[in-house]
Every structure is written in C-alpha cells, then in structure tokens.
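J.: Show me how the following folds:
(one chain, ligands or ions: 1)
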Amino acid sequence: MTVLFDENGHVYFADERPEDRDVDGLLWERWEGAQTGELDWAAHHPARQREVMDGRPLCGVCKGDPDRDERGTLWLLHADENVQALVSFLGSVTTATPAVCISCARRALRACQELQRGFIALRVREAPVIGVRGTLYSPTEAPLANQVVRFGDVALHRVVARQLMRELINAELDETTLAAGFSTTVPAGVALPGPGPVWG
Ligand SMILES: [Zn+2]
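T.: All right, here's what the predicted structure looks like:
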C-alpha cells in the first residue's frame, strides 16, 4: 500500500478506493480476503474489530451481548498488554480488545496461549471509543507503527488506522467470574497492590 500526502498534509492511498475510508473520513488498513482457519484470539481483523467496537460494546468473538453484571461489562485483557492496569487497577485502561461474554471468555482462556500466559478480567461501566491505533505517517520521517491517536487530534489526518480504541473508565478487577477452573499467572516483576490476588 503506497501512502502519500496531499497538499493539506493528509495521508491517502495511491490507489485509494471509497471503502478505504469510514464515514468520518478516516483512512483504514486494507486487509484482503476472508478469515480462514483457527480464530486468532490475539489479533483482531480490522473490519470485525470495528464491527464490535463501534457503538454499543459487543462480544469480540460471537458478536452477541457481552456479559454484564452490577459491576459493569466484562473485559478480558492480556496481562502484558496492560501491565499498567495491573500495577494500579485504578483509573482508565485504553484497549483495542472488545468486551466478551462468559462462554467466549472461557473458550478464549482455553484456546489462547497469550491469555494463558497472563490475563486480567475487568468490569467496566463506561467504555467510550476514544480513538484509533494504527500507523502514523510523517512527510519527513519514517512511519511509526502502533500509535494511538485520539479523536480530535490533528494527527488523525496522518494515520492509517487498524483498530478502534476504547477507554475503560474506572475499570474494576473481576477475580470471581472466570476464576473456576483456571490458574492464572501474572508476569514476573509486576507488583500487585494489596494482598496477593486470588485467581482461583
Ligand atoms: Zn461471545
């Protein structure tokens, strides 16, 4: 994909098609072909990720309703993706991972090696979509991969987006819902607040 700059300093594809942009004019990575084979739990196909991340949270696996209880909606994150969250459970976590329902969460924990290496389950009441992750281009320097750019940031015009990002506001650790039958690990060197966690 050849990425060029127009006279306003905005990125575009040399062979851009209308479907390369969303309704807000944001340019998206092009992933050709249908998903085949085993579900890759650690990666999220951009079109599918947008489908479950845009608007009301949906389960990232089955696209049904994610699990909700009085503490909020269920999120399952790789522990290493959000070590910050582990360190301070307070405050917000920004993630490209969609919400999940309980049966898909259990299935993911059995199937996904990345999750088996460490995960946290969170309950979230408020999870607005705040921006995108993608490749940030510059007219003068090498592109930067995996940059999170918030909506409203002028840098959005220089991004080829891959994923929508949600901010999980006041995320609360859920140590009970998925505890049965799983022994989970926390990456070495991560300090957990309070007494040791009970992961089940
Ligand atoms: Zn599901």
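J.: Please report how far Gly9 lies from Val154.
T.: Distance check for Gly9 against Val154: by Cβ to Cβ, to the nearest Å, it reads 9 Å. No exception for glycine: its C-beta is placed from N, CA and C like everyone else's.
J.: and what of Leu74?
T.: From Leu74 to Val154 the distance is 35 Å (Cβ to Cβ).
J.: Compare neighbour counts for the two and give me the winner.
T.: Neighbours per residue, other Cβ atoms under 10 Å: of Leu74 and Val154, the larger number sits with Leu74, 24 against 9.
J.: Tell me the buried residues in the longest helix anywhere in the chain?
T.: Longest helix in the chain by number of residues, with DSSP state H as the criterion: helix 102-111. Across helix 102-111, burial judged by 16 or more other Cβ atoms under 10 Å covers 104-109.
J.: average pLDDT across it?
T.: Mean pLDDT, helix 102-111: 91.
J.: Give the burial count for Glu16, as a bare number.
T.: 16.
J.: From Asp174, how far off is it?
T.: Glu16 is 43 Å from Asp174, by Cβ to Cβ.
J.: And Arg71, by the same measure?
T.: 7 Å.
J.: for the protein, what spans make up the strands?
T.: Remark: strands assigned in the chain by DSSP state E are 3-5, 11-13, 27-28, 68-69, 72-78, 93-95, 119-124, 129-136, 144-150, 159-168, 172-173.
J.: what's the closest of these to Gln113?
T.: Of all the strands of the chain, it is strand 72-78 that lies closest to Gln113, at 10.4 Å by Cβ to Cβ.
J.: which helices and strands does the closest one pack with?
T.: Counting contacts by 3 or more Cβ pairs under 8 Å, 6 or more residues apart in numbering; DSSP states H and E, strand 72-78 packs against strand 93-95, helix 102-111, helix 113-116, strand 119-124.
J.: Columns distance to the ion on top of these, output as a markdown table?
T.: Shown next, in a markdown table, are the helices and strands packed on strand 72-78 (distance: least, Cβ to the ion, whole Å):
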| stretch | distance to the ion |
| --- | --- |
| strand 93-95 | 17 |
| helix 102-111 | 3 |
| helix 113-116 | 14 |
| strand 119-124 | 14 |
